[in-house]
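>>> Here is a sequence with its predicted model. Questions after.
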Amino acid sequence: MTTIMGIIIAILSIIIATVMDGNSFGALIGPSSLFLVVVGSIGASLSGYQMADISRMPKGVIISFTGKDPDPGAAVDQLMRFAEIARKEGVLALESQLETIEDEFMKTGLQAIVDGVDAEVVRDTLEIELQALDERHQPIIALIKTMGGYAPTMGMIGTVVGLINMLGNLSDPSQLGLGMSVALLTTLYGVIFANLVFLPVAAKLARLHELEVSYREIVLDGILAIQSGSSPRALVERLESYLSPTQRLGHQERAKGAKEAA
Amino acid sequence: MTTIMGIIIAILSIIIATVMDGNSFGALIGPSSLFLVVVGSIGASLSGYQMADISRMPKGVIISFTGKDPDPGAAVDQLMRFAEIARKEGVLALESQLETIEDEFMKTGLQAIVDGVDAEVVRDTLEIELQALDERHQPIIALIKTMGGYAPTMGMIGTVVGLINMLGNLSDPSQLGLGMSVALLTTLYGVIFANLVFLPVAAKLARLHELEVSYREIVLDGILAIQSGSSPRALVERLESYLSPTQRLGHQERAKGAKEAA
Amino acid sequence: MTTIMGIIIAILSIIIATVMDGNSFGALIGPSSLFLVVVGSIGASLSGYQMADISRMPKGVIISFTGKDPDPGAAVDQLMRFAEIARKEGVLALESQLETIEDEFMKTGLQAIVDGVDAEVVRDTLEIELQALDERHQPIIALIKTMGGYAPTMGMIGTVVGLINMLGNLSDPSQLGLGMSVALLTTLYGVIFANLVFLPVAAKLARLHELEVSYREIVLDGILAIQSGSSPRALVERLESYLSPTQRLGHQERAKGAKEAA
Amino acid sequence: MTTIMGIIIAILSIIIATVMDGNSFGALIGPSSLFLVVVGSIGASLSGYQMADISRMPKGVIISFTGKDPDPGAAVDQLMRFAEIARKEGVLALESQLETIEDEFMKTGLQAIVDGVDAEVVRDTLEIELQALDERHQPIIALIKTMGGYAPTMGMIGTVVGLINMLGNLSDPSQLGLGMSVALLTTLYGVIFANLVFLPVAAKLARLHELEVSYREIVLDGILAIQSGSSPRALVERLESYLSPTQRLGHQERAKGAKEAA
Amino acid sequence: MTTIMGIIIAILSIIIATVMDGNSFGALIGPSSLFLVVVGSIGASLSGYQMADISRMPKGVIISFTGKDPDPGAAVDQLMRFAEIARKEGVLALESQLETIEDEFMKTGLQAIVDGVDAEVVRDTLEIELQALDERHQPIIALIKTMGGYAPTMGMIGTVVGLINMLGNLSDPSQLGLGMSVALLTTLYGVIFANLVFLPVAAKLARLHELEVSYREIVLDGILAIQSGSSPRALVERLESYLSPTQRLGHQERAKGAKEAA
């Protein structure tokens, strides 16, 4: 949420400052500059990426605006519950829980241990899924970051093209100002798209990816622990080493309760 | 203290040089430029941070101006005194000292050993507090640093917006100079805020954080040594390895005295 | 393919934006700027390279546009087939397969094991070929990358030369605009050649080289496994550790089939 | 010596080139620009340093101009002589030599072994002195380097302030040129102070500090060898491993003579 | 050879492009700019170097233009021949070969083994020569590289000085263009000297130095092998591990012949 809010704040601050100076906002609208910066940055960034990466990009932008951070604390709670069930009623009893799980990755893992798949095969399957996630996400993140690097260059190219045309046709000097104004617009779009769109979106996606990978590592570790018959308490203690201090607080109380009960 | 003094000196030098050249200072005041640079930099930096980080930022700025360096030498002296008491009268005798301790971290640790908490639990509790400190401070420092990176860009965006408006409305050429003057103001604010506010404040906070972490590591080590019944001399020798040569001087004499007395 | 498509998209976006602004495209054609940027960048980059590298450069550019990614999955399939033949009918039976192999590197390796060459000599021969590939490719990639670094500098030199000439001959002020226009053209060509030609081509060649090296490492490992009499299943399992998750999917099914049959 | 000579050559080259172009040197004098760049750079750099560092800075600048490289070869010769005396007449005989030693560090070390201080204590004392040297020198070097980083920024700030004032008061267009001229002066001072004063001085001080540290490490090692009763020949062989080939030449001959005599 | 050719191509491309645009080449000649960039860069770079380094610089520039790459392949051949002689007729028989050796380093080494010097002393002597080579070459390379870093700065300083003078004396506006033209010349010289002279020369010298060091390492290893009575075949196999695949080809055939003969 902070990504889209931040972008809106930054763009609003430009608009408000423009209004405060008594300038018109209309002069800042330039479809050709927008076209050159966005399409040109995509073109310049394409080398080294595949068409599939380009087509997945819009979805990436949307996720960067709406994506929620995964909650590893909730996953530890959920896995602790499953460990209790597995301990008391056996792993097969987990089958009834499968429908309640929203996270596909956790579901795949639990299904595997319910099916009695070998521990090593469970680990391999989940690790390949983890790598595949990386393989799917990284090119999109890198592509948007590359676009953020090319946008100011494309903006500068557009401005130079505009200046060359303006300076080469000085028949009507009264148009000089207007020509420079239009030429500069592409520089503006290049800088804004790079700094207020592409780079923040790429940074947000990179952070979401990192959080998801570490979330899945907790799930992977927890599922293997459940399969090996770990006690809920041992499982919580093990998984909590992945958590940040803030996230650990709630669990620690629970773990203490578990200790006293033990 | 040097941070706020340095910023005042630098800004004074700009004002004095302006006056020396017979220029007026009034032309340098621009609320819209100030607004664009500060609010725009916050907006552009937001992606990847949480609202809580933003709301803690003003406190961070104040601390960077007023915060005092922690004194690890004094902590070693204090811990040595506690070690003497613990040796002579037992750890329980430290309870009476608890009220004299200002530092919350040291208090928590001593309270724990007075309460007879297990050594490993004491260490865990204090280490989690250390990590939580890091988790609280780092995002603010990183946010202010990011703002320092965005400020010149926002300043440049404001200037380009101003130039586009000015150049697109050259009906009154006498306004050209004034327009460029106002446009440049945002560049000036961007450079000044980045170099004379955001980056020095971030650098100062990073240094304060580092000093506080190493201070707390000394306290943590000292408290565990007291609990394990270390002699005052051994404690001083152990903790002095954390100190810089200048800080060590005073202690060394004391330690020598301790040796002779031994 | 994405390289040439990306360059075309980026250049088209410049042309379309120029047309959208009602500017003429003719003003952007400058043979002297083209000459200065391309020949000057080659000259400036030459130091530290040999003539042979320069003469191999055009081929490198063509490969970056048309070169296909090697398919390591297909190589694993092919090597698995050879392992089956070698197991059932002996290594000599592979002689009949030699003609069907398109890849020179794999052919050299198989020929060697058919000839009964010592395993260590096979490895040495293929590893020297791998190093020679590196020695042949790296200078071209580095040269094109260096040209990408020099192109904007040469463009800037051309613009400064143009400005110096224009400013030194202001006898006809009406030519001032035209002079600056022509001077800026070299900057434009420098930026475009660097960002839309040299750097993407170098990046693409570097990626193709990397893919080819890792492809050949798979082949080298596979050929040594065949010579040592490895079973097809063991060979597939061993070579799959080089593959990405997506590439591994098809093989895994095959490997499972192999397991069941075993 | 090369530092001050180099700065003089560089500044002379600017003056001579100015005269060659028939320009007056007077236009380059601007007390306000000098003030803004020097005082502003100090202010901007202050954050993170202490007042003591600032007050030691002028001494640092003088040392960078006049400081001589320490001569580790001479120290090896001197230590060899002391080793001979210590071997023949015992360590106490070194007392008479103490007055001849100019280097405070070597004197402290020899005094300690004459006093019969324990080897480990000698090492500790000298190592703490080494660390204290580092603690004294590094902040000054870092401060001057930081000033070199801020000087061009302060120069640019001064120029922008000047341009804003000039452009905002275009009532007398004949002053436009003069205004820009004065504004540019601060840029010039910023670039010159950074590149021809602060950065070379910081580089020189860093190099002197490095040489002094390695010089003292030789002395420290030599003094411990003398205390342990090492032979002059063994001491020279040991200490020569610290020397560069050129410095080693003279010693090697001496060492050979020592070998033959042995 | 490619260095001087590359520089000529790059400068020719500037001249030809100037002529293609119908500009005169005369406007590009500026002795004061040349003086400021070359002498100023030397002055600014001097700090941290010694006078001896400066005086050796012109020789370095010439070597970068005319120096030939050492041929490690030929050295292996030569050493193989010496190994044969040493094997058949004893090391003393190598004395007659000493006159035929052009390379001073190889001569020193062979003379030492003919003189029956101890193996360890031979190694020490040659290694010190290797280090001395490094100590002689590195400062010159670093100095020229530093000059390449300062040249654009000095060029920019010259341009700003020119602009300040021009803008401060606008009494004759017709001279404005000419003044800017002359001012820009220093920027042009700074960029050209940095990118087309200093940096390529430094890069070439660094590469020549690297090649010479690895050449001498081969010679050093070969001479020690000859002294230890190694067979020609073993010597070739050992030294070839230093060679690149291309260089190895010729030798490998010879080595095979040697194997068969063995």
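Perfect, thanks for sending it.
>>> Helices along the stretch 101-250 of chain A, start to end?
Along the stretch 101-250 of chain A, counting by DSSP state H, counting those that start in this stretch, helices occupy A:104-114, A:119-168, A:176-192, A:199-227, A:232-240, A:245-261.
>>> who in the stretch 101-250 of chain A is up against chain C?
A:128-129, A:131-132, A:135, A:150, A:153-154, A:156-158, A:160-170, A:182, A:186 (C-beta under 8 Å from any C-beta of the partner chain). Placement of C-beta: from N, CA and C, glycine included.
>>> which intervals of the stretch 51-200 of chain A have sub-threshold pLDDT?
The model of the stretch 51-200 of chain A has pLDDT under 70 over residues A:171, A:173-174.
>>> circling back to that earlier point, in JSON lines, list the helices of the stretch 101-250 of chain A along with distance to chain E and mean neighbour count.
Below are these laid out as JSON lines (distance: least, C-beta to the nearest C-beta, whole Å; neighbours: other C-beta atoms under 10 Å in any protein chain shown):
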{"stretch": "helix A:104-114", "distance to chain E": "47", "mean neighbour count": "19"}
{"stretch": "helix A:119-168", "distance to chain E": "14", "mean neighbour count": "20"}
{"stretch": "helix A:176-192", "distance to chain E": "18", "mean neighbour count": "23"}
{"stretch": "helix A:199-227", "distance to chain E": "28", "mean neighbour count": "20"}
{"stretch": "helix A:232-240", "distance to chain E": "49", "mean neighbour count": "20"}
{"stretch": "helix A:245-261", "distance to chain E": "46", "mean neighbour count": "14"}
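>>> Which among those is found nearest to B:G190?
Shortest distance between B:G190 and the helices of the stretch 101-250 of chain A, using C-beta to C-beta, is found for helix A:176-192: 12.0 Å.
>>> so how far is that closest one from its chain's centroid?
How far helix A:176-192 lies from its chain's middle: 32 Å, per C-alpha atoms, centre = their mean, to the nearest Å.
>>> just stretch A:139-146 next, same as before
So, by C-alpha atoms, centre = their mean, the centroid of stretch A:139-146 is 11 Å from its chain's centroid.
>>> Can I get that stretch as CSV, trimmed to CA atoms?
Only the C-alpha atoms of stretch A:139-146 are listed here, as CSV (Å, rounded to 0.1, in the frame of the first residue of the first chain):
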residue,chain,number,x,y,z
PRO,A,139,13.3,-11.6,-14.7
ILE,A,140,10.2,-9.3,-14.2
ILE,A,141,11.9,-7.5,-11.3
ALA,A,142,15.1,-7.1,-13.3
LEU,A,143,13.2,-6.0,-16.4
ILE,A,144,11.3,-3.2,-14.5
LYS,A,145,14.6,-2.1,-12.9
THR,A,146,16.3,-2.0,-16.3
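>>> so how many other residues sit close to A:V91?
For A:V91, the neighbour count with other C-beta atoms under 10 Å in any protein chain shown is 18.
>>> Give the closest residue to it in space, chain neighbours not counted.
Excluding its sequence neighbours, the residue lying closest to A:V91 (C-beta to C-beta, 6 or more residues apart in numbering or on different chains) is A:I113, at 5.6 Å.
>>> residues in contact with that neighbour?
A:V91, A:L94, A:V122, A:I223, A:I226, A:Q227 (C-beta atoms under 8 Å, 6 or more residues apart in numbering or on different chains).
>>> again, only this time at 7 Å
Listed by C-beta atoms under 7 Å, 6 or more residues apart in numbering or on different chains, the contact set of A:I113 reads A:V91, A:V122, A:I223, A:I226, A:Q227.
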